[in-house]
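K.L.:
can you look at this prediction? I've put the sequence above it.
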Amino acid sequence: MADTLQTLKKIIAEKLDRDPESISPENTMEDIGLDSLDTFDVIFRAEEEFNIKVTDYQAELKTLQDVVNLIDQLIKEQHPT
């Protein structure tokens, strides 16, 4: 979802004090400048923002798009319409 991507870009941009438009879905967490602790913090903030619970997220979260996909999947699972 586009909203998920925009929200994550905003969270990351605030954390790193940079322009959200400089962050693309293809960027890896490392490219963006996030280490594993920063990534954990972003996931924690996303949990609050989207009212979801993320478990065992480290599996294959290499790019921002991977995180978006995970969050969208969890929203569908945890908040079915």
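P.N.:
Noted; the coordinates are in hand. Residues are numbered from 1 along each chain as shown.

K.L.:
so where do the helices sit in this structure?
P.N.:
2-16, 29-32, 36-50, 64-78 (DSSP state H).

K.L.:
okay, those helices in CSV with mean neighbour count next?
P.N.:
From N, CA and C alone the C-beta is placed, and that goes for glycine too. Listed next are the helices of the chain as CSV, based on neighbours: other Cβ atoms under 10 Å:
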stretch, mean neighbour count
helix 2-16, 17
helix 29-32, 16
helix 36-50, 15
helix 64-78, 17
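
K.L.:
Asp56: which of these is closest?
P.N.:
Asp56 sits nearest to helix 64-78 of all the helices of the chain, at 10.2 Å, using Cβ to Cβ.

K.L.:
what angle do helix 2-16 and that closest one make with each other?
P.N.:
120 degrees (axes from the mean of the first three to the mean of the last three Cα atoms, to 10 degrees).

K.L.:
output the contacting helices and strands for helix 64-78.
P.N.:
helix 2-16, helix 29-32, helix 36-50 (3 or more Cβ pairs under 8 Å, 6 or more residues apart in numbering; DSSP states H and E).
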